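Asker: Sequence and predicted structure, then a few things I'm wondering about:
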Amino acid sequence: MLHLRRLFATSFARSHLHRAFPGPIYSPISTRTSFVPNRLELSRSGVRVTPLMAFTASSTPDDEARRAPHSEVYRGLETVLGSKFSSEPLTPPPHPLIIVISGPSGVGKDAVIKRLQEVREGLHFVVTATSRAKRPGEVEGKDYYFVTKEEFLSMIERNELLEYALVYGEYKGIPKQQIREYMAKGYDIVLRVDIQGAETLRSIFGKSAVFIFLVAESEAALVKRLVDRKTETSDMLLVRVATAREEVKHLRNFDYVVVNEEGKLNNAVKLVESIIDAEKAKVDQRKMQI
Ligand SMILES: Nc1ncnc2c1ncn2[C@@H]1O[C@H](COP(=O)(O)OP(=O)(O)OP(=O)(O)O)[C@@H](O)[C@H]1O
(Lines give C-alpha, C1' and ligand atoms only; values in the text may rest on other atoms or scores of the structure.)
Protein backbone atom coordinates (compact mmCIF):
# COMPACT_ATOMS: atom_id res chain seq x y z
CA MET A 1 0.00 0.00 0.00
CA LEU A 2 2.74 2.37 1.05
CA HIS A 3 4.67 1.35 -2.03
CA LEU A 4 1.67 2.08 -4.27
CA ARG A 5 1.13 5.45 -2.60
CA ARG A 6 4.78 6.32 -3.10
CA LEU A 7 4.61 5.25 -6.73
CA PHE A 8 1.51 7.33 -7.26
CA ALA A 9 2.99 10.32 -5.50
CA THR A 10 6.19 10.05 -7.51
CA SER A 11 4.52 9.78 -10.89
CA PHE A 12 2.07 12.52 -9.94
CA ALA A 13 4.88 14.76 -8.77
CA ARG A 14 6.74 14.05 -12.00
CA SER A 15 3.83 15.01 -14.19
CA HIS A 16 3.16 18.02 -11.98
CA LEU A 17 6.81 19.04 -12.14
CA HIS A 18 6.58 18.81 -15.89
CA ARG A 19 3.72 21.28 -15.81
CA ALA A 20 5.50 23.49 -13.31
CA PHE A 21 8.67 23.59 -15.47
CA PRO A 22 7.64 24.21 -19.01
CA GLY A 23 11.23 25.25 -19.85
CA PRO A 24 13.94 23.16 -21.52
CA ILE A 25 15.20 21.48 -18.30
CA TYR A 26 12.14 19.28 -17.89
CA SER A 27 10.80 19.45 -21.38
CA PRO A 28 13.32 19.02 -24.20
CA ILE A 29 10.73 20.33 -26.66
CA SER A 30 9.91 23.70 -25.22
CA THR A 31 6.15 24.07 -24.84
CA ARG A 32 5.86 27.15 -22.70
CA THR A 33 2.42 27.28 -21.19
CA SER A 34 1.16 29.66 -18.54
CA PHE A 35 2.62 28.92 -15.12
CA VAL A 36 0.03 28.25 -12.41
CA PRO A 37 1.61 27.86 -8.99
CA ASN A 38 0.15 25.07 -6.91
CA ARG A 39 0.97 23.53 -3.53
CA LEU A 40 1.50 19.78 -3.56
CA GLU A 41 0.58 17.97 -0.36
CA LEU A 42 1.04 14.28 0.31
CA SER A 43 -1.51 12.94 2.77
CA ARG A 44 -2.98 9.57 3.81
CA SER A 45 -5.71 9.92 1.22
CA GLY A 46 -3.29 10.67 -1.61
CA VAL A 47 -2.09 13.91 -3.11
CA ARG A 48 -3.85 17.23 -2.78
CA VAL A 49 -3.08 20.17 -5.00
CA THR A 50 -4.09 23.66 -3.91
CA PRO A 51 -3.35 26.90 -5.71
CA LEU A 52 -0.58 28.90 -4.21
CA MET A 53 -0.96 32.57 -4.86
CA ALA A 54 2.24 33.88 -3.33
CA PHE A 55 5.14 32.91 -1.09
CA THR A 56 5.60 35.23 1.82
CA ALA A 57 9.02 34.04 3.10
CA SER A 58 11.71 36.66 2.55
CA SER A 59 15.02 35.84 0.82
CA THR A 60 18.44 37.28 1.42
CA PRO A 61 20.44 39.03 -1.36
CA ASP A 62 22.70 35.93 -1.36
CA ASP A 63 19.71 33.69 -2.00
CA GLU A 64 18.59 35.90 -4.83
CA ALA A 65 22.07 35.99 -6.40
CA ARG A 66 22.29 32.18 -6.25
CA ARG A 67 18.88 31.79 -7.81
CA ALA A 68 19.27 34.43 -10.50
CA PRO A 69 20.43 32.24 -13.44
CA HIS A 70 17.74 29.61 -12.76
CA SER A 71 15.14 31.66 -10.94
CA GLU A 72 12.32 30.03 -12.86
CA VAL A 73 13.57 26.55 -11.95
CA TYR A 74 13.87 27.51 -8.28
CA ARG A 75 10.42 29.08 -8.23
CA GLY A 76 8.92 26.03 -9.87
CA LEU A 77 10.55 23.59 -7.46
CA GLU A 78 9.52 25.66 -4.46
CA THR A 79 6.00 25.85 -5.74
CA VAL A 80 5.70 22.10 -6.16
CA LEU A 81 7.25 21.46 -2.75
CA GLY A 82 5.12 24.12 -1.12
CA SER A 83 7.84 26.12 0.61
CA LYS A 84 10.87 28.28 -0.05
CA PHE A 85 14.35 26.71 0.00
CA SER A 86 16.09 27.66 3.21
CA SER A 87 19.68 28.87 3.26
CA GLU A 88 20.06 27.87 6.89
CA PRO A 89 22.82 25.24 7.49
CA LEU A 90 21.42 21.71 7.33
CA THR A 91 23.45 20.64 10.39
CA PRO A 92 24.31 22.55 13.55
CA PRO A 93 27.90 23.83 13.82
CA PRO A 94 30.28 21.25 15.32
CA HIS A 95 30.97 21.47 19.04
CA PRO A 96 34.27 22.98 20.14
CA LEU A 97 36.78 20.17 20.60
CA ILE A 98 39.34 19.66 23.32
CA ILE A 99 42.49 18.19 21.79
CA VAL A 100 45.15 16.88 24.13
CA ILE A 101 48.62 16.53 22.59
CA SER A 102 51.09 14.51 24.59
CA GLY A 103 54.21 12.40 24.19
CA PRO A 104 57.66 11.86 25.67
CA SER A 105 59.96 14.76 26.38
CA GLY A 106 61.76 15.94 23.24
CA VAL A 107 59.38 14.23 20.80
CA GLY A 108 58.35 17.61 19.36
CA LYS A 109 55.12 18.60 21.15
CA ASP A 110 56.05 22.28 21.19
CA ALA A 111 57.33 22.15 17.60
CA VAL A 112 54.11 20.51 16.32
CA ILE A 113 51.89 22.92 18.25
CA LYS A 114 53.88 25.95 17.09
CA ARG A 115 53.46 24.89 13.44
CA LEU A 116 49.78 24.05 13.94
CA GLN A 117 49.30 27.55 15.29
CA GLU A 118 50.77 28.96 12.08
CA VAL A 119 48.69 26.88 9.67
CA ARG A 120 45.29 26.56 11.30
CA GLU A 121 42.71 29.03 12.54
CA GLY A 122 39.99 28.53 15.13
CA LEU A 123 42.28 26.83 17.63
CA HIS A 124 43.18 28.15 21.03
CA PHE A 125 46.43 26.84 22.46
CA VAL A 126 46.14 26.84 26.19
CA VAL A 127 49.14 28.52 27.73
CA THR A 128 50.36 26.36 30.58
CA ALA A 129 51.62 27.86 33.80
CA THR A 130 55.03 26.56 34.86
CA SER A 131 57.51 27.14 37.63
CA ARG A 132 60.45 26.20 35.40
CA ALA A 133 62.89 28.82 34.12
CA LYS A 134 62.35 30.39 30.73
CA ARG A 135 64.43 28.83 27.91
CA PRO A 136 66.13 31.11 25.37
CA GLY A 137 63.57 32.37 22.86
CA GLU A 138 60.52 31.52 24.98
CA VAL A 139 57.97 34.29 25.45
CA GLU A 140 55.96 34.93 28.62
CA GLY A 141 52.21 34.41 28.01
CA LYS A 142 52.87 32.81 24.62
CA ASP A 143 54.93 29.72 25.38
CA TYR A 144 54.14 29.51 29.10
CA TYR A 145 53.12 31.65 32.03
CA PHE A 146 56.32 31.60 34.04
CA VAL A 147 55.51 31.81 37.74
CA THR A 148 57.47 31.18 40.91
CA LYS A 149 56.86 27.99 42.92
CA GLU A 150 55.03 30.08 45.56
CA GLU A 151 52.73 31.64 42.95
CA PHE A 152 52.04 28.21 41.53
CA LEU A 153 51.09 26.86 44.95
CA SER A 154 48.58 29.69 45.45
CA MET A 155 46.98 28.91 42.06
CA ILE A 156 46.49 25.33 43.27
CA GLU A 157 44.97 26.63 46.50
CA ARG A 158 42.49 28.85 44.64
CA ASN A 159 41.42 25.85 42.50
CA GLU A 160 42.34 27.72 39.32
CA LEU A 161 43.99 24.76 37.62
CA LEU A 162 42.32 21.99 35.68
CA GLU A 163 45.26 19.74 36.47
CA TYR A 164 48.83 20.20 37.58
CA ALA A 165 51.88 18.07 38.11
CA LEU A 166 55.38 18.20 39.44
CA VAL A 167 57.55 17.20 36.47
CA TYR A 168 61.31 16.85 36.87
CA GLY A 169 61.12 19.05 39.97
CA GLU A 170 59.06 21.81 38.32
CA TYR A 171 55.32 22.52 38.44
CA LYS A 172 53.19 22.65 35.30
CA GLY A 173 49.45 23.28 35.26
CA ILE A 174 46.48 24.20 33.08
CA PRO A 175 44.47 27.32 33.95
CA LYS A 176 40.71 26.56 33.72
CA GLN A 177 39.53 30.08 32.89
CA GLN A 178 41.27 30.19 29.50
CA ILE A 179 39.48 27.02 28.37
CA ARG A 180 36.05 28.27 29.43
CA GLU A 181 36.56 31.62 27.77
CA TYR A 182 37.70 30.27 24.39
CA MET A 183 35.23 27.40 24.20
CA ALA A 184 32.45 29.92 24.75
CA LYS A 185 33.76 31.80 21.69
CA GLY A 186 33.64 28.57 19.62
CA TYR A 187 37.36 27.83 19.53
CA ASP A 188 38.78 24.32 19.64
CA ILE A 189 41.12 23.95 22.55
CA VAL A 190 44.60 22.44 22.26
CA LEU A 191 46.32 21.27 25.41
CA ARG A 192 49.95 20.22 25.56
CA VAL A 193 50.73 17.95 28.46
CA ASP A 194 53.20 15.26 29.42
CA ILE A 195 52.06 11.66 29.74
CA GLN A 196 51.31 12.03 33.44
CA GLY A 197 49.16 15.08 32.65
CA ALA A 198 47.37 13.24 29.86
CA GLU A 199 46.42 10.46 32.27
CA THR A 200 44.95 12.98 34.69
CA LEU A 201 43.09 14.74 31.87
CA ARG A 202 41.70 11.41 30.66
CA SER A 203 40.24 10.83 34.11
CA ILE A 204 38.65 14.33 33.98
CA PHE A 205 37.46 14.36 30.34
CA GLY A 206 36.93 10.66 29.68
CA LYS A 207 35.92 10.27 26.04
CA SER A 208 34.85 13.93 25.75
CA ALA A 209 38.28 15.04 24.55
CA VAL A 210 40.59 13.80 21.78
CA PHE A 211 43.92 12.41 22.99
CA ILE A 212 46.86 12.38 20.57
CA PHE A 213 50.15 10.63 21.39
CA LEU A 214 53.16 11.99 19.57
CA VAL A 215 56.08 9.61 19.02
CA ALA A 216 59.42 9.79 17.27
CA GLU A 217 60.10 7.14 14.63
CA SER A 218 62.64 5.49 16.94
CA GLU A 219 64.27 5.83 20.34
CA ALA A 220 67.52 6.88 18.64
CA ALA A 221 65.72 9.73 16.86
CA LEU A 222 64.20 10.90 20.14
CA VAL A 223 67.58 10.93 21.90
CA LYS A 224 69.13 12.85 19.00
CA ARG A 225 66.41 15.48 19.23
CA LEU A 226 66.96 15.92 22.96
CA VAL A 227 70.74 16.09 22.58
CA ASP A 228 70.52 18.56 19.67
CA ARG A 229 68.18 20.80 21.67
CA LYS A 230 71.00 21.40 24.17
CA THR A 231 68.64 22.30 27.00
CA GLU A 232 69.37 19.34 29.27
CA THR A 233 72.33 18.33 31.41
CA SER A 234 73.47 14.72 30.92
CA ASP A 235 71.69 13.72 34.16
CA MET A 236 68.43 15.28 32.94
CA LEU A 237 68.89 13.58 29.58
CA LEU A 238 69.23 10.22 31.27
CA VAL A 239 66.01 10.71 33.25
CA ARG A 240 64.10 11.86 30.18
CA VAL A 241 65.20 8.95 28.01
CA ALA A 242 64.53 6.38 30.74
CA THR A 243 61.10 7.95 31.32
CA ALA A 244 60.34 7.93 27.59
CA ARG A 245 60.87 4.15 27.55
CA GLU A 246 58.18 3.77 30.18
CA GLU A 247 55.85 6.33 28.62
CA VAL A 248 55.45 4.51 25.33
CA LYS A 249 53.65 1.80 27.31
CA HIS A 250 50.84 4.29 27.96
CA LEU A 251 49.92 4.51 24.30
CA ARG A 252 46.71 2.58 24.84
CA ASN A 253 45.18 5.46 26.82
CA PHE A 254 45.19 7.61 23.70
CA ASP A 255 42.82 7.86 20.75
CA TYR A 256 45.43 8.53 18.06
CA VAL A 257 49.17 8.11 17.58
CA VAL A 258 51.11 10.49 15.32
CA VAL A 259 54.72 9.81 14.31
CA ASN A 260 56.80 12.98 14.24
CA GLU A 261 59.55 11.80 11.93
CA GLU A 262 62.96 13.50 11.73
CA GLY A 263 62.76 16.39 9.26
CA LYS A 264 59.06 15.74 8.57
CA LEU A 265 57.39 18.01 11.06
CA ASN A 266 54.85 19.18 8.47
CA ASN A 267 53.61 15.62 7.93
CA ALA A 268 52.94 15.23 11.63
CA VAL A 269 51.09 18.55 11.67
CA LYS A 270 49.01 17.54 8.65
CA LEU A 271 48.01 14.31 10.36
CA VAL A 272 46.97 16.20 13.49
CA GLU A 273 44.88 18.50 11.28
CA SER A 274 43.23 15.51 9.61
CA ILE A 275 42.35 14.10 13.02
CA ILE A 276 40.72 17.39 14.00
CA ASP A 277 38.80 17.52 10.70
CA ALA A 278 37.58 13.94 11.10
CA GLU A 279 36.51 14.58 14.69
CA LYS A 280 34.57 17.65 13.58
CA ALA A 281 32.77 15.57 10.95
CA LYS A 282 31.63 12.97 13.46
CA VAL A 283 27.88 12.52 13.78
CA ASP A 284 28.20 11.74 17.46
CA GLN A 285 30.30 14.67 18.65
CA ARG A 286 32.44 14.78 21.76
CA LYS A 287 31.09 17.41 24.16
CA MET A 288 32.79 18.84 27.20
CA GLN A 289 31.97 21.51 29.76
CA ILE A 290 34.67 22.81 32.07
N1 LIG B 1 60.15 16.38 13.08
C2 LIG B 1 61.25 16.91 13.64
N3 LIG B 1 62.44 16.77 13.05
C4 LIG B 1 63.54 17.29 13.58
N5 LIG B 1 63.59 17.97 14.74
C6 LIG B 1 62.46 18.13 15.39
C7 LIG B 1 61.20 17.62 14.89
N8 LIG B 1 60.24 17.93 15.78
C9 LIG B 1 60.83 18.61 16.77
N10 LIG B 1 62.15 18.75 16.56
C11 LIG B 1 63.16 19.39 17.43
O12 LIG B 1 63.31 18.51 18.55
C13 LIG B 1 63.55 19.24 19.72
C14 LIG B 1 62.49 18.85 20.75
O15 LIG B 1 61.24 19.34 20.33
P16 LIG B 1 60.24 20.04 21.35
O17 LIG B 1 60.97 20.99 22.24
O18 LIG B 1 59.11 20.57 20.53
O19 LIG B 1 59.81 18.76 22.17
P20 LIG B 1 58.78 18.64 23.37
O21 LIG B 1 58.08 17.35 23.18
O22 LIG B 1 57.95 19.87 23.45
O23 LIG B 1 59.79 18.55 24.61
P24 LIG B 1 59.53 18.83 26.20
O25 LIG B 1 58.41 17.97 26.60
O26 LIG B 1 60.83 18.42 26.81
O27 LIG B 1 59.28 20.31 26.33
C28 LIG B 1 63.48 20.71 19.34
O29 LIG B 1 64.79 21.18 19.17
C30 LIG B 1 62.69 20.70 18.03
O31 LIG B 1 63.04 21.78 17.21
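Answerer: Thanks, I have the structure now.
Asker: Checking stretch 211-229 against the ligand, do any of its residues make contact.
Answerer: Yes: using Cβ under 6 Å from any ligand atom, stretch 211-229 reaches the ligand at 225, 228-229. Yep, even glycine has a C-beta here, placed from its N, CA and C like the rest.
Asker: Buried residues of that stretch, list them for me.
Answerer: For stretch 211-229, burial by neighbour count (16 or more other Cβ atoms under 10 Å) applies to 211-216, 221-223, 225-226.
Asker: Now do the end-to-end distance for that stretch.
Answerer: Start and end residues of stretch 211-229 are separated by 26 Å (Cα to Cα, to the nearest Å).
Asker: What of stretch 190-208?
Answerer: Taking Cα to Cα, stretch 190-208 runs 13 Å from one end to the other.
Asker: What of stretch 116-127?
Answerer: Stretch 116-127 has an end-to-end distance of 15 Å (criterion: Cα to Cα).
Asker: Contacts made by it with the rest, please.
Answerer: Applying Cβ atoms under 8 Å, 6 or more residues apart in numbering, the external contacts of stretch 116-127 come out as 99, 113, 141-145, 174-175, 178-179, 182, 186-192, 269, 272-273, 276.
Asker: any idea how this protein splits into domains?
Answerer: The chain breaks down by automatic domain parsing into domains covering 2-81, 98-280.
Asker: from the contacts of stretch 116-127, which ones fall inside strands?
Answerer: Members of the contacts of stretch 116-127 lying in strands (criterion: DSSP state E): 99, 144-145, 174-175, 188-192.
Asker: Tell me the most packed of these, by neighbour count.
Answerer: Within the ones in strands among the contacts of stretch 116-127, neighbour counts (other Cβ atoms under 10 Å) peak at residue 174, which reaches 26 neighbours.
Asker: Over to the residue nearest to it when sequence neighbours are not counted. Which of the three states is it?
Answerer: Among residues not flanking residue 174 along the chain, residue 162 sits closest, at 4.3 Å (Cβ to Cβ, 6 or more residues apart in numbering). Judged by DSSP: H, G, I helix; E, B strand; the rest coil, the three-state class of residue 162 is strand.
Asker: Just give the number of residues close to residue 162.
Answerer: Neighbour count of residue 162, defined by other Cβ under 10 Å: 22.
Asker: Hmm, residue 172 and it touching each other?
Answerer: No: using Cβ atoms under 8 Å, residue 162 is not in contact with residue 172, being 11.6 Å away.
Asker: related to what we said a few turns ago, redo the ones in strands among the contacts of stretch 116-127 as TSV? Include distance to residue 84 and pLDDT.
Answerer: Formatted as TSV, those follow (distance: Cβ to Cβ, whole Å; pLDDT from 0 to 100):
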residue	distance to residue 84	pLDDT
99	39	97
144	53	91
145	52	93
174	48	93
175	47	93
188	34	96
189	38	96
190	41	96
191	44	95
192	48	91
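Asker: what sits against whichever residue of the stretch 101-250 of the chain sits closest to the ligand?
Answerer: Here the stretch 101-250 of the chain gets closest to the ligand at one residue, residue 108, 3.0 Å apart by Cβ to the nearest ligand atom. Counting by Cβ under 8 Å, 6+ apart, residue 108 makes contact with 214, 216, 225, 260, 265, 268.
Asker: ok, how many other residues are close to the fourth one?
Answerer: So that's residue 260. A total of 24 residues lie near residue 260 under the criterion other Cβ under 10 Å.
Asker: pLDDT score for residue 284?
Answerer: pLDDT recorded at residue 284 is 84.
Asker: I misspoke; the intended subject was residue 34.
Answerer: We have a pLDDT of 38 for residue 34.
Asker: Equivalent analysis for residue 91, please.
Answerer: Per-residue pLDDT puts residue 91 at 87.
Asker: same thing with the one 4 residues further on?
Answerer: According to the model's per-residue confidence, residue 95 sits at a pLDDT of 90.
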